[in-house]
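Q: A structural model of the following input is requested.
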Amino acid sequence: MLLAIVGSLFLLLLFTAAFDEGVVRTVGSPKPVKHILADSGIYSTIIPSLLDQAKQQSSDDGSFSLTNPIVKAAAVQTLSPAFIQKNAETIIDSVYAWLDGKTAEPDFYIDLSTAKAAFAESVATQVEQKAATLPVCTDESTDSSFDALSATCLPQGLSPQQAADSVKNSLLGGKGFLDNPVITAASIKNGQSGKSVFADQLKSVPKQYQRAKKSPYLLIGLSLIFALAIVFLSSSKQKGLRHLGRTLLIIGVFMLIFSWALNRVVTTEVVPKIAISGNLVLQGDIRNLATDLTHQIDRNYWEFGAAYAVIGALAIGIPLILAKRGSKTGPAPAETEAPKPQPPAAAAASTPAKKKTRTIKVQ
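A: Numbers count the residues shown, from 1 in each chain. Next up is the predicted model:
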């Protein structure tokens, strides 16, 4: 009964150790996280997605659509994927330094003021160039609803420079896109308490994270202890090794099948159902991100499953091979025993008696 309980717990420990090691490998350091995000292509679509989400820029100078091709082209040019990736990775490194206990809070400082000013300048330049080609409006009602980005004529008394300045001021002082260009840990606050989320809701996360990073070593150590217990609780060491080998082989094959099934289900059932309304490009990137995460976890299960199966097969096969070799050699030949010393009486009895001879005198 004890052997059956230990064997069941050993199976559970093996699977849990593989899962835990996979999680730590995937999100336990900044490098794999950066790699997954870069491969997903999300840096190329994050700015257009934010513009689509904001849709409208409003200010005292008026409002206009942020989905306009001129605005999108200027945003992609100014806030390039490389620029976004560099700042995102700065935040990731800072957050992991905080998780590892190196800093009290994440110390990242991202200032997008210069980039926002360049973005506004780029849009204004294109608006001015476009306005310079527009005819003067004949209908005065267009003055109140003038949109410099989509206008087909220029209101009377409004110069191309003034139209461009209006758009530039709206982008710099309005609300809708990059309202707060300076991003720090302190600026990410809880709406209710007004405190930084890193100092409030997430303050206990670093300790939990550090314990979680050590958990694979604990699980692997417990697995080794349970493996030894299986060997010594068995009636013989050979039976214990075979029992241990069968357990490892079973969990190894199961994990290989599980890995194949996980990859198939996620890629054919889960990922196609991920939908982001009105943003097909970002939707594709999120799907790529989910696929990459699945592949990372899937690869970990393949490695552990194959290792378990190979070790299990060896634990079963080696005792059998050694036993067969022993049977072919046969028992060692018996040594010839030296004759045992006999007592004097027995020795005399065993020795044939000599015939007595009689001497005849010849005269």
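Q: Go through this structure and flag its longest helix.
A: In the chain, assigned by DSSP state H, the helix with the most residues is helix 280-329.
Q: Got the phi and psi for Val182?
A: Main-chain dihedrals, Val182, degrees, to the nearest 10: phi -100, psi 120.
Q: Give me the neighbour count for the closest residue to it other than its chain neighbours.
A: Spatial nearest neighbour of Val182, excluding adjacent residues (CB to CB, 6 or more residues apart in numbering): Asp111 at 5.2 Å. Any C-beta I mention is one placed from the backbone N, CA and C, and that applies to glycine too. Using other CB atoms under 10 Å, Asp111 has 12 neighbouring residues.
Q: mind listing what Asp111 touches?
A: 181-183 (CB atoms under 8 Å, 6 or more residues apart in numbering).
Q: between those residues, which is closest to Ser215?
A: Nearest to Ser215 among these: Ile183, at 32.3 Å, using CB to CB.
Q: How about the secondary structure of that closest one?
A: What DSSP: H, G, I helix; E, B strand; the rest coil gives for Ile183 is strand.
Q: Does it touch Ala115 like I think?
A: No. Ile183 is beyond contact range of Ala115, at 11.7 Å (criterion: CB atoms under 8 Å).
Q: And the longest helix of the chain, what does it pack against?
A: Under the contact definition 3 or more CB pairs under 8 Å, 6 or more residues apart in numbering; DSSP states H and E, helix 280-329 sits against helix 2-27, helix 30-40, helix 46-54, helix 237-265.
Q: Can you tell me, leaving aside adjacent residues, what's nearest to Asp165?
A: Ala124 (6.8 Å).
Q: residues near Ala131, how many?
A: For Ala131, the neighbour count with other CB under 10 Å is 21.
Q: again with Gly157
A: Neighbourhood size, Gly157 [other CB under 10 Å]: 8.
Q: follow-up on the earlier one: got the contacts of Asp111 as JSON lines, with pLDDT, neighbour count and distance to Ile84 columns?
A: Shown next, in JSON lines, are these (pLDDT from 0 to 100; neighbours: other CB atoms under 10 Å; distance: CB to CB, whole Å):
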{"residue": "Pro181", "pLDDT": "83", "neighbour count": "15", "distance to Ile84": "14"}
{"residue": "Val182", "pLDDT": "87", "neighbour count": "10", "distance to Ile84": "16"}
{"residue": "Ile183", "pLDDT": "89", "neighbour count": "16", "distance to Ile84": "12"}
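Q: and which of those residues is nearest to Ser94?
A: Of those, the one sitting nearest to Ser94 (CB to CB) turns out to be Ile183, at 11.0 Å.
Q: On the C-terminal side of the helix or strand hosting Val127, identify the next helix or strand.
A: For Val127, the element it lies in under DSSP states H and E is helix 113-131. Where DSSP H and E defines the elements, the next helix or strand beyond helix 113-131 is helix 160-173.
Q: pLDDT of the longest helix of the chain, averaged?
A: Averaging pLDDT along helix 280-329 gives 81.
Q: thinking again about what came up before, could the contacts of Asp111 go into TSV alongside distance to Val33?
A: Formatted as TSV, these follow (distance: CB to CB, whole Å):
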residue	distance to Val33
Pro181	25
Val182	24
Ile183	18
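Q: Out of the helices and strands packed on helix 280-329, the one nearest Ile91 is which?
A: Shortest separation from Ile91 across the helices and strands packed on helix 280-329 is recorded for helix 30-40, at 10.0 Å, computed as CB to CB.
Q: can you give me the offset of the closest one from its chain's centre?
A: 9 Å (CA atoms, centre = their mean, to the nearest Å).
Q: Can you give the contact residues for it?
A: For helix 30-40, contacts defined as CB under 8 Å, 6+ apart pick out 25-27, 43, 85, 88-89, 92-93, 96, 285-286, 288-289, 292-293, 296.
Q: Give me the helix or strand of the protein that scores worst on average pLDDT.
A: In the chain, the helix or strand scored least confidently by mean pLDDT, DSSP states H and E is helix 344-350, which has a mean of 50.
Q: how close does Ala74 sit to Ala88?
A: 21 Å (CB to CB, to the nearest Å).
Q: Repeat that for Lys213.
A: Lys213 sits 23 Å away from Ala88, going by CB to CB.
Q: Same check on Ser235?
A: Distance, Ser235 to Ala88, using CB to CB: 60 Å.
Q: When the two are compared, which one has more neighbours?
A: Ala88 (19 against 8).
Q: Surely the more buried one is in contact with Ile47?
A: No. The criterion here is CB under 8 Å, and Ala88 misses it with Ile47 at 11.8 Å.
Q: which other residues reach stretch 68-75?
A: By CB under 8 Å, 6+ apart, stretch 68-75 touches 47-48, 51, 64-65, 119, 122-123, 126-127, 130, 149-150.
Q: Need the max-distance pair from the residues you listed.
A: Ile47 and Lys130 (21.6 Å).
Q: More neighbours: the two, which one.
A: Ile47 (22 against 18).
Q: Just to check, that one is in contact with Ala82?
A: No. Using CB under 8 Å, Ile47 is not in contact with Ala82; the gap is 12.0 Å.
Q: How about the residue nearest in space to the middle of the chain, nearest residue that isn't a chain neighbour?
A: With distances taken as CA atoms, centre = their mean, the residue of the chain nearest its centroid is Thr26 (2.0 Å). Distances taken as CB to CB, 6+ apart place Gln296 nearest to Thr26, at 4.8 Å, with adjacent residues excluded.
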